[in-house]
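Participant: From the sequence below, what's the structure:
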Amino acid sequence: MVGLLRPFGRAVTYTRLLHLFVAVVWPAVLQFVTDAWWIWAVAAAALVPAGLVPAMRTVEGLQARLLLTGHPPDRGGDGGEDGIVVAPSSSWEDRGRLVLWLETRLLLGCAASLLVAQLLYAVVDLVVAAAGDRPGGGAVGLLGPPQAWHIALAPVLLATLAAAVWGSGTLITALAVRLLGPSPAERLAALEERTEQLLERTRIARELHDSIGHALTVAVLQAGAARAADDPAFTRRALDAVEETGRAALEDLERVLGVLRESGKPAGSRPTLTDADRLLESARASGAEVDADLTGPLEGVPGPVSREGYRILQESLTNVLRHAGPVPARVRVSVEGATLRLDVRNPLPADPPDPARGSGLRGIRERAALLGGRASAGPVGDDWQVHVELPVR
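Facilitator: Residues are numbered from 1 along each chain as shown. Coordinates of the predicted model:
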């Protein structure tokens, strides 16, 4: 019983009825003034050109959101949680659905208004008749002379009235979602936008993983080496390396957090392969013997390729330090024709990583795939090798 009464404790139940009444206010006023029933035919005909106006969809969508769903009538919705669009009509399909919506709303508003009014009148009439006063007709007139038992019919009519209020509101809301909801083209556009957002979040996650992971790996190794060396001069150099790496990581973190706070804000300058010396020096400061050979016109590599190449190199060096420690590593970066090649090799650790697992290696493969390149990682003889090829055009 409580469940049946719960909808009538929510404001949206009554705002939905108000939404239906609003649709018939102006034809009802004109009909009352002129006493001509053909006004309703004129009203129905006038809704056709009104529905062809693109901005009318925004007006109807805002009303529906406010009165039918109870959601704020903001302008940014594209058929989100409530499934109702507030954007102007962009196609003839949208205009046709809007015309159908306006006509349906007028028809359902007329039916709901008449039904609710008649039920209210019948309830009052039964109460008056049961009190012994002269009835005004209506339901009591059909029952014959006034009788005291007529009051027992009032709960039945009240229940019918409640069902009419709830049913008409539920029906008009379902129709609004169907007729004012996004078209297939709008759904596709929303899906593409959502996909772009997910790709951006994935890119940001890779950025944080590569940058912060590299900085923490260097800091841990430097701290351990300084403790083991027990040499003040070495400790100072280790702290300098930790400070430099930490500052670079903080810059990356601030940039990424800025993008997260303001979705429209540009990502800002990101390091490229021309900044690779910073990575190499950081790895050397951690104890690794890095033999680097960078050849070709790296400054001519397109920005997206160069930036992703830098992150791939960073993650590869981080994996060397994390899994193999301060061991000799060979780095080869070259631009040959239309291809950028990156190779990082180091002695195979005792517990090599699984190429099929790990977010770092997965991130390397994802970066390469997004640029149309390819990446591989795994044992090659007695070494562990990361090999990446990226198209530069």
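Participant: any weak-confidence spans in the stretch 1-150 of the chain?
Facilitator: Residues of the stretch 1-150 of the chain that meet the criterion pLDDT under 70 lie in 1-3, 71-82, 129-150.
Participant: What segments of it are helices?
Facilitator: Counting by DSSP state H, counting those that start in this stretch, one finds helices in the stretch 1-150 of the chain at the ranges 2-5, 11-34, 39-51, 54-64, 92-130, 138-143.
Participant: quick one: which of these is nearest residue 270?
Facilitator: Residue 270 sits nearest to helix 54-64 of all the helices of the stretch 1-150 of the chain, at 39.3 Å, using Cβ to Cβ. Using the backbone N, CA and C atoms, a C-beta is placed for each residue, glycine as well.
Participant: got the contact list for the closest one?
Facilitator: Contacts made with helix 54-64 from outside it, assessed by Cβ atoms under 8 Å, 6 or more residues apart in numbering, are listed as 19, 22, 50, 73, 75, 77, 84-90, 94-95, 98, 101-102, 173, 176, 180.
Participant: Among those, the buried ones, what's the PyMOL command?
Facilitator: Only the buried members of those enter the following PyMOL selection, criterion being 16 or more other Cβ atoms under 10 Å:
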select buried, resi 19+73+77+84+85+86+87+89+94+95+98+101+102+173+176+180
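Participant: who wins for proximity to residue 377 among the helices of the stretch 1-150 of the chain?
Facilitator: Residue 377 lies closest, by Cβ to Cβ, to one member of the helices of the stretch 1-150 of the chain: helix 92-130, at 49.7 Å.
Participant: ok, residue 56 to residue 26 distance?
Facilitator: In this structure, residue 56 and residue 26 are 15 Å apart, going by Cβ to Cβ, to the nearest Å.
Participant: More neighbours: these two, which one.
Facilitator: Set side by side, residue 56 and residue 26 show unequal neighbour counts under other Cβ atoms under 10 Å, the larger going to residue 56 at 20 against 12.
Participant: For the chain, which segments count as strands?
Facilitator: 290-295, 329-336, 339-347, 374-380, 383-391 (DSSP state E).
Participant: would TSV of these with distance to residue 34 and mean neighbour count be doable?
Facilitator: Putting the strands of the chain into TSV (distance: least, Cβ to Cβ, whole Å; neighbours: other Cβ atoms under 10 Å) gives the following:
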stretch	distance to residue 34	mean neighbour count
strand 290-295	87	14
strand 329-336	83	18
strand 339-347	79	20
strand 374-380	77	16
strand 383-391	74	20
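Participant: could the ones you listed be laid out in JSON lines, adding mean pLDDT?
Facilitator: Shown next, in JSON lines, are the strands of the chain (pLDDT from 0 to 100):
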{"stretch": "strand 290-295", "mean pLDDT": "90"}
{"stretch": "strand 329-336", "mean pLDDT": "92"}
{"stretch": "strand 339-347", "mean pLDDT": "92"}
{"stretch": "strand 374-380", "mean pLDDT": "89"}
{"stretch": "strand 383-391", "mean pLDDT": "91"}
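Participant: pLDDT below threshold where in the stretch 151-300 of the chain?
Facilitator: Segments of the stretch 151-300 of the chain classed as low confidence (criterion: pLDDT under 70) are 188-200, 203, 206-207, 209-211, 214, 252, 254-269.
Participant: now do 90
Facilitator: Using pLDDT under 90 as the threshold, the predicted model of the stretch 151-300 of the chain has low-confidence ranges 151-165, 177-178, 180-290, 296-300.
Participant: Now residue 68: closest residue in space, sequence neighbours ignored.
Facilitator: Counting by Cβ to Cβ, 6 or more residues apart in numbering, residue 173 is the residue found nearest to residue 68 once chain neighbours are left out, at 4.6 Å.
Participant: ok, now which ones touch that neighbour?
Facilitator: For residue 173, counting by Cβ under 8 Å, 6+ apart, the contacting residues are 16, 64, 68, 69.
Participant: where do the helices sit along the stretch 201-350 of the chain?
Facilitator: Residue ranges of the helices in the stretch 201-350 of the chain, as given by DSSP H, counting those that start in this stretch, are 232-261, 276-285, 303-319.
Participant: Out of these, indicate the one that is most buried.
Facilitator: The highest average neighbour count among the helices of the stretch 201-350 of the chain, using mean count of other Cβ atoms under 10 Å, belongs to helix 303-319 at a mean of 23.
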